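**Q** for reference, the sequence and a predicted model appear below.
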Amino acid sequence: MHLFRSKFFYSFLVILFVCSQSTYIAPASAATVTEIDLRSEGYPGNYRENSKSSDKFVNLSSTVTSYRLHFNRIALANGDRVSVSSAYSTATQEAGTIYYSASGGYTTDVWTPWITGPAYVNLIVNNDGQTSTGYLIDKIEFNGTSSPLVNSAAFFPNAFTSASNISVYQSPTVSTYGYSSYVTTALNQLDNITNANIGFTNSTSTTAQVRISANNNADLDYFAIVQPYDSSGKAITELESKTWSYATMVLNHGVMTKWGFNSTNKQGTVTHEVGHLVSLMHQKNYDVNSIMKAGKKNITTFTPVDIANIQYRW
Ligand SMILES: [Zn+2]
């Protein structure tokens, strides 16, 4: 069920791969820039000592030939450092190719050199009791073409039988935390996609097919969650081929506030979640332009990739 979350933590895959360190200046006209949100654990709060949880694997389409990452900001305590590496060593916590370090303080607006192949972003701490806020990567520039998940590959193997008239109950908490209009807008976006048979009906019944609520718990690890259930009330996992009986959608105002979400970020998250309601899964590659990427979003609507998938399925 975690896999339905709008995650800001990523899989800590231990994979060995070869990565060229060669750098070159790519033709500017061929490159595409897209927004991502890849940040150290706790950002904009402080990272922790003795933590390896800030190691992020950079997922990219196999058809991306080279790329570089843009650090919006790197703030480090004395002796700590950030690397972008071709492999991850559990002994050294890195296999460094590119380092950013600071003797305390911070730097902003840093592009890495061009990178070929997968990479990890590592935050290495020296356990001296001092921490800072870590890093935020906000852009990726890449050469080559993006390869999004399309058609059936873009969907969970489980769904509502039909999406033509899904009943929706909203808990008063949705209004309490100010998300009513975001929910309405997101549902309308789906409803208005042409050549897709999707519709929603508001319901006052707490046993509606979709049950939306909000909370204010900044200590939890998600922006929002969609969780489907079968007819016996059992949670359906991402890989199960089951029919949805109903689904819950929980919006976490606390975490969105902690991450400094503005109205665009909130709308993006709620639209992403209603994408899960029609069984769209995450687009895991950072180069893909999709509302279904995990993380904080600076877009508010389904992209052409998403719309084509929705039209294929529904
Ligand atoms: Zn999600």
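**A** Thanks, I have the structure now.
**Q** what pLDDT, on average, does stretch 248-262 get?
**A** Regarding stretch 248-262, the rounded mean pLDDT is 95.
**Q** residues contacting it, please?
**A** The contact list for stretch 248-262 (C-beta atoms under 8 Å, 6 or more residues apart in numbering) reads 8, 44-45, 174, 177-179, 210-227, 229, 265-266, 269-270, 273-274, 276-277, 296. In short, each C-beta sits where N, CA and C put it, glycine included.
**Q** the chain: helices as residue ranges?
**A** Remark: helices assigned in the chain by DSSP state H are 172-176, 180-191, 253-258, 263-277, 304-313.
**Q** pick the most deeply packed of those.
**A** Of all those, helix 263-277 has the most neighbours on average by mean count of other C-beta atoms under 10 Å, namely a mean of 23.
**Q** which helices and strands sit right next to that one?
**A** Secondary-structure packing of helix 263-277 (3 or more C-beta pairs under 8 Å, 6 or more residues apart in numbering; DSSP states H and E): helix 180-191, strand 224-229, strand 246-252, helix 253-258.
**Q** what does the second one contact?
**A** This points to strand 224-229. The contact list for strand 224-229 (C-beta under 8 Å, 6+ apart) reads 1, 4-6, 158, 235-236, 244-252, 269-270, 272-273, 276-277.
**Q** that strand vs strand 246-252, what angle?
**A** With axes from the mean of the first three to the mean of the last three C-alpha atoms, to 10 degrees defining the directions, strand 224-229 sits at 160 degrees from strand 246-252.
**Q** among the contacts of stretch 248-262, which ones are buried?
**A** 8, 174, 177, 179, 210-215, 222-227, 229, 265-266, 269-270, 273-274, 276-277, 296 (16 or more other C-beta atoms under 10 Å).
**Q** lowest-confidence helix or strand of the chain?
**A** Least confident element among the helices and strands of the chain, by mean pLDDT, DSSP states H and E: strand 96-101 (a mean of 66).
**Q** got any ranges where this structure has weak pLDDT?
**A** Scanning the chain for pLDDT under 70 picks out 1-29, 51-54, 87-99, 102-103.
**Q** ok, now with 50
**A** Applying pLDDT under 50 to the chain flags the ranges 1-28.
**Q** can you count the residues close to the residue lying closest to Thr131 once chain neighbours are set aside?
**A** Residue nearest to Thr131 in three dimensions, not counting chain neighbours: Asn46, with 4.4 Å by C-beta to C-beta, 6 or more residues apart in numbering. Neighbourhood size, Asn46 [other C-beta atoms under 10 Å]: 16.
**Q** would you confirm that Asn46 contacts Gly129?
**A** No: Asn46 is not in contact with Gly129 according to C-beta atoms under 8 Å; the separation is 11.6 Å.
**Q** for Lys139, what are its contacts?
**A** Per C-beta under 8 Å, 6+ apart, neighbours of Lys139: Val33, Thr34, Glu35, Ile36, Leu69, His70, Asn72.
**Q** go again with 7 Å.
**A** By C-beta atoms under 7 Å, 6 or more residues apart in numbering, Lys139 lies in contact with Val33, Glu35, Ile36, His70.
**Q** which residues does it bridge with?
**A** Lys139 forms beta bridges with Glu35, His70, as assigned by DSSP bridges.
**Q** could you tell me how far the closest residue to Gly144 other than its chain neighbours is located from Val250?
**A** The shortest distance from Gly144 to any non-neighbouring residue, by C-beta to C-beta, 6+ apart, is to Thr65 (3.8 Å). Noted for Thr65: a distance of 40 Å to Val250, by C-beta to C-beta, to the nearest Å.
**Q** ditto for Ser279
**A** Separation of Ser279 from Val250 (C-beta to C-beta): 18 Å.
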